[in-house]
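Student: this one's sequence-less:
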């Protein structure tokens, strides 16, 4: 079982390059099978979720060629099966994007229902509502979603709740549905825009992505393209909060500063200096952080995926802060772990009340999910003494070479697999 071992108390200093956006890449890889021509995608993050989805795409018969660590070629002309294996779905929820892609291209898709998630339920009723409006019959049989259509057609669809997954899935299916589709109350996240741009580069006709009304004119077929994925705003934000929590000075490069505005605003509120460049952001924390309140909201609001990271920073800030989670339930599972490191956090319903303490102290903690796992690493970097983070398989789902990038900023962190390696680390760092 792999773990991270960290010696805290060292301010992070330097520059770090941000990988491609995992959440955009997952949807774009699924959409790549919607043509019979070869698609080239680069700036892919080399993380577990991406590698599992590539296996799933290969599993239904597409030709997947890994050009290098961040580039892949996909050809969907050899797909022989519209039924995705449960083995992939149970490892990665985003396999459900294959529903929209297969339904659009083949008018038939069979994908097992995604399993639970450690940050609460993520219902897919809005996806199914969209597919039905486009003319598909949708059934749930033997644990799988089966969507079939004689012919798809454009439709007017209003989402009951803002859903990134449903927006993307409906957009994919509608791209090849004759007629016009208007999708209202659509999600506006940068990765929704990236998927629309990718589909448009394949010949789709999608307008309005990034607003709450997306208009799609169905086309007959899609064609080959080469496409580069946007930078990962959550990876960038994670390093920005790592700089804040450790009293560091870090420049995150290869980013789109506009995508980071909600994160940047909160960092400034808690006392960091933030400097923006064309494709980089510098965060400096030269004094003790101060309190603030934050509520997670759909984009352009404060991202739910950045909630655990700001909570760590606020746990050592001066004063009392309140963090309110409005997107997912069960997103404060990591609070107990932080309290073991000396934080003072009380969770009431969907809010956490945080009384800032002078310092955290190292402890053995366990990552309950992807973003909380990264936040516990930040806590370990800020804490006094040695911290061991278990269950880092969650972190590896979404961060490329996390420990390597942190080490390049001066962090004392290693990935270890046994007690002997832990002892070796302890001896080395003294």
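Tutor: Good, I have the coordinates. Just so we're clear, the structure is a prediction, and the values are computed from it rather than from any experiment.
Student: Spit out the contact partners of the closest residue to residue 429 other than its chain neighbours.
Tutor: In space, not counting the residues next to it along the chain, residue 429 is nearest to residue 7; the distance is 4.4 Å by C-beta to C-beta, 6 or more residues apart in numbering. (Glycine included, C-beta is placed from N, CA and C.) For residue 7, the set of contacting residues under the criterion of C-beta atoms under 8 Å, 6 or more residues apart in numbering consists of 362, 385-386, 412-413, 425, 429.
Student: what would the residues you listed look like in TSV with pLDDT and secondary structure?
Tutor: TSV is the format used below for the contacts of residue 7 (pLDDT from 0 to 100; DSSP: H, G, I helix; E, B strand; the rest coil):
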residue	pLDDT	secondary structure
362	98	coil
385	98	coil
386	98	strand
412	98	strand
413	98	strand
425	97	helix
429	94	helix
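Student: can you pick the most crowded of those?
Tutor: Using other C-beta atoms under 10 Å as the neighbour criterion, residue 413 leads the contacts of residue 7 with 24 neighbours.
Student: Surely that one is in contact with residue 404?
Tutor: No: counting by C-beta atoms under 8 Å, residue 413 stays clear of residue 404, with 9.2 Å between them.
Student: Check which element follows the lowest-mean-pLDDT helix or strand in the chain along the chain.
Tutor: Least confident helix or strand, the chain: helix 86-89 with a mean of 85, by mean pLDDT, DSSP states H and E. Along the chain past helix 86-89, the next helix or strand (assigned with DSSP states H and E) turns out to be helix 97-106.
Student: elements contacting that next one?
Tutor: In terms of contacts (3 or more C-beta pairs under 8 Å, 6 or more residues apart in numbering; DSSP states H and E), helix 97-106 is packed against helix 22-31, strand 108-112, helix 125-133, strand 144-148, helix 164-175.
Student: can those go into JSON lines with extra columns for mean neighbour count and mean pLDDT?
Tutor: What follows is the helices and strands packed on helix 97-106, written out as JSON lines (neighbours: other C-beta atoms under 10 Å; pLDDT from 0 to 100):
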{"stretch": "helix 22-31", "mean neighbour count": "27", "mean pLDDT": "98"}
{"stretch": "strand 108-112", "mean neighbour count": "22", "mean pLDDT": "94"}
{"stretch": "helix 125-133", "mean neighbour count": "20", "mean pLDDT": "96"}
{"stretch": "strand 144-148", "mean neighbour count": "20", "mean pLDDT": "95"}
{"stretch": "helix 164-175", "mean neighbour count": "28", "mean pLDDT": "98"}
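Student: Now distance to residue 266 too, for these, in TSV please.
Tutor: Converted to TSV, the helices and strands packed on helix 97-106 look like this (distance: least, C-beta to C-beta, whole Å):
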stretch	distance to residue 266
helix 22-31	20
strand 108-112	37
helix 125-133	29
strand 144-148	37
helix 164-175	21
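Student: so where do the helices sit in the stretch 251-400 of the chain?
Tutor: 261-269, 307-315, 335-340, 370-382, 393-396 (DSSP state H, counting those that start in this stretch).
Student: Wait, residue 403 touches residue 415, no?
Tutor: Yes: with contacts defined as C-beta under 8 Å, residue 403 counts as touching residue 415 at a distance of 5.3 Å.
Student: Please identify every residue contacting each of those two.
Tutor: With contacts taken as C-beta under 8 Å, 6+ apart, the residues that reach both residue 403 and residue 415 are residue 4.
Student: Who has more neighbours out of the two?
Tutor: Between residue 403 and residue 415, counted using other C-beta under 10 Å, residue 403 has the larger neighbour count: 19 against 16.
Student: what about that one, helix or strand, and which?
Tutor: With elements delineated by DSSP H and E, residue 403 resides in helix 402-408, which encompasses its position.
Student: now for that helix, which elements pack on it?
Tutor: Using 3+ C-beta pairs under 8 Å, 6+ apart as the contact test, the elements touching helix 402-408 are strand 13-17, helix 370-382, strand 412-416.
Student: which of the ones you listed is buried the deepest?
Tutor: Using mean count of other C-beta atoms under 10 Å, the stretch among the helices and strands packed on helix 402-408 with the largest mean neighbour count is helix 370-382, at a mean of 28.
Student: For the helix or strand hosting residue 51, buried residues please.
Tutor: When elements are assigned from DSSP H and E, residue 51 belongs to helix 48-59. Applying a neighbour-count criterion of 16 or more other C-beta atoms under 10 Å, the buried positions in helix 48-59 are 48-50, 52-57.
Student: Reformat these as TSV; add pLDDT and distance to residue 350.
Tutor: What follows is the buried residues of helix 48-59, written out as TSV (pLDDT from 0 to 100; distance: C-beta to C-beta, whole Å):
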residue	pLDDT	distance to residue 350
48	93	29
49	93	26
50	96	31
52	93	30
53	95	31
54	96	36
55	95	36
56	94	33
57	96	36
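Student: Ramachandran angles for the residue nearest to residue 429?
Tutor: Backbone torsions of residue 7, given as degrees, to the nearest 10, read phi -100, psi 120.
Student: Which residues does it form beta bridges with?
Tutor: Beta-bridge partners recorded for residue 7 (DSSP bridges): residue 386, residue 412.
Student: Against residue 54, how distant is it?
Tutor: 36 Å (C-beta to C-beta, to the nearest Å).
Student: got it, and residue 15?
Tutor: In this view, residue 15 and residue 54 are 30 Å apart by C-beta to C-beta.
Student: so what's the residue lying closest to residue 45 once chain neighbours are set aside up against?
Tutor: Closest residue in space to residue 45, ignoring its immediate chain neighbours: residue 19 at 3.9 Å, by C-beta to C-beta, 6+ apart. Under the criterion of C-beta under 8 Å, 6+ apart, the neighbours of residue 19 are 43, 45-47, 70, 231-232, 235, 400.
Student: Can you check the pLDDT for residue 19?
Tutor: Per-residue confidence at residue 19 stands at 98 (pLDDT).
Student: tell me which residues in stretch 178-196 are buried?
Tutor: Buried residues in stretch 178-196, counting neighbours by 16+ other C-beta under 10 Å, are found at 181-183, 185-196.
Student: from the middle of its chain, how far away would that stretch be?
Tutor: Using C-alpha atoms, centre = their mean, to the nearest Å, the mean C-alpha position of stretch 178-196 is found 18 Å from that of the whole chain.
Student: So for it, mean pLDDT?
Tutor: Average pLDDT, stretch 178-196: 98.
Student: So that it lines up with my notes, have the first residue be 59 from now on.
Tutor: With the count now opening at 59, the last piece we talked about shows up as stretch 236-254.
Student: What is the end-to-end distance of that stretch?
Tutor: End-to-end distance for stretch 236-254: 17 Å, by C-alpha to C-alpha, to the nearest Å.
Student: That'll do, ta.
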